[in-house]
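>>> Sequence unavailable; structure follows:
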Ligand SMILES: Nc1ncnc2c1ncn2[C@@H]1O[C@H](COP(=O)(O)OP(=O)(O)O)[C@@H](O)[C@H]1O
Ligand SMILES: [Mg+2]
């Protein structure tokens, strides 16, 4: 299914944030002397202010698609046109410098697991992308603290590296990091998978607030309640259930 052709939906008057055309991703498994086709003929569009949920069976290529949209995996074919601050960039052909610039200004990827860095506090992990954007470090840390507090990370933990945090706490730091920076495009890989009900709702509210401010969201949501609360459309990889 294409995410296009949904005139009259919320946010449809806004511009296109991401346009994927005929995306193909093949992994070369050198040690096995073989190739694995993870994505084929993927075409979709996401507009600013809209959320597209990516769904499909385990191994269907959902995370691979998100990594391609972040420029982490290089497309094997097709186009991934992202609307950046300075115009459109095709991630399939962009230079590393263009991709890095998009990541600072436009794209935010919330991975399934927080990458923890020894000795870097939760607060600094959340503030770092904002400081990289050129924001005042004090203001960035202030906003980082607000987001951690919204996500119920107790203040005594803000100054600690998340190495010793629980899975759910780490994931909340990850969400705070991905959302506090006001990226125009959010790529969310099962952001609420390890959260309790209350924090799941906080995350949903924060993501919906980002949408209301005009962010485009592409998300993998393993929880159908979360998906229903966020998604304007669903993009199926592989056959949808019941077909
Ligand atoms: N870096 C990689 N190298 C080789 N194969 C990969 C790599 N990343 C993903 N794959 C393969 O691509 C397929 C899709 O994986 P993935 O995108 O993680 O699926 P999903 O997120 O839908 O569960 C799987 O068969 C997986 O093993
Ligand atoms: Mg995945």
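Nice, thanks for sending it over. In this text the structure is predicted, and so the values were computed from the model without any measurement. Ligands and ions are numbered 1, 2, ... in the order given.
>>> On the three-state scheme, residue 44 is what?
Following DSSP: H, G, I helix; E, B strand; the rest coil, residue 44 is assigned to strand.
>>> Name whatever forms a beta bridge with the spatially most central residue of the chain.
Using C-alpha atoms, centre = their mean, the residue of the chain that lies closest to the mean C-alpha position is residue 187, 1.4 Å off. Applying DSSP bridges to residue 187 yields these beta-bridge partners: residue 109, residue 218.
>>> That one reaches residue 218, doesn't it?
Yes - Residue 187 lies in contact with residue 218 (C-beta atoms under 8 Å); the separation is 5.3 Å. Placement of C-beta: from N, CA and C, glycine included.
>>> The closest residue to residue 237 other than its chain neighbours: neighbouring residues, count only.
Nearest non-adjacent residue to residue 237, counting by C-beta to C-beta, 6 or more residues apart in numbering: residue 56, 3.5 Å away. As a burial measure, residue 56 scores 18 neighbours (other C-beta atoms under 10 Å).
>>> OK, contacts around residue 56?
By C-beta atoms under 8 Å, 6 or more residues apart in numbering, the contact set of residue 56 is 62, 236-238.
>>> which one among those gets closest to ligand 2?
Distance to ligand 2 across the contacts of residue 56 (C-beta to the ion) is lowest for residue 62, with 4.9 Å.
>>> just checking, that closest one touches residue 237?
Yes - with contacts counted by C-beta under 8 Å, residue 62 reaches residue 237, the gap being 6.0 Å.
>>> So which of the two has more stuff around it?
Legend: neighbour count by other C-beta under 10 Å for residue 62 and residue 237, higher for residue 62 (25 against 20).
>>> name the helices or strands packed onto the lengthiest helix in the chain?
Using DSSP state H, we find that the single longest helix of the chain is helix 197-212. Judged by 3 or more C-beta pairs under 8 Å, 6 or more residues apart in numbering; DSSP states H and E, the packing partners of helix 197-212 are helix 137-150, helix 167-180, strand 185-189, strand 216-220, helix 224-230.
>>> sorry, back to before: can you pull the contacts of the residue nearest to the centre of the chain?
66, 69-70, 107-110, 218-219.
>>> Now which of those would you call buried?
Buried subset of these (neighbour count, 16 or more other C-beta atoms under 10 Å): 66, 69-70, 107-110, 218-219.
>>> quick check, nearest of these to ligand 2?
Comparing the buried ones among the contacts of residue 187 against ligand 2 with C-beta to the ion picks out residue 66 as the nearest, at 8.0 Å.
>>> Wait, a helix at that closest one?
Yes - counting by three-state DSSP, residue 66 falls inside a helix.
>>> what residues are up against it?
Neighbours of residue 66 in contact, by C-beta under 8 Å, 6+ apart: 54, 109, 187-189, 218, 220.
>>> let's see 7 Å
109, 187, 189, 218, 220 (C-beta atoms under 7 Å, 6 or more residues apart in numbering).
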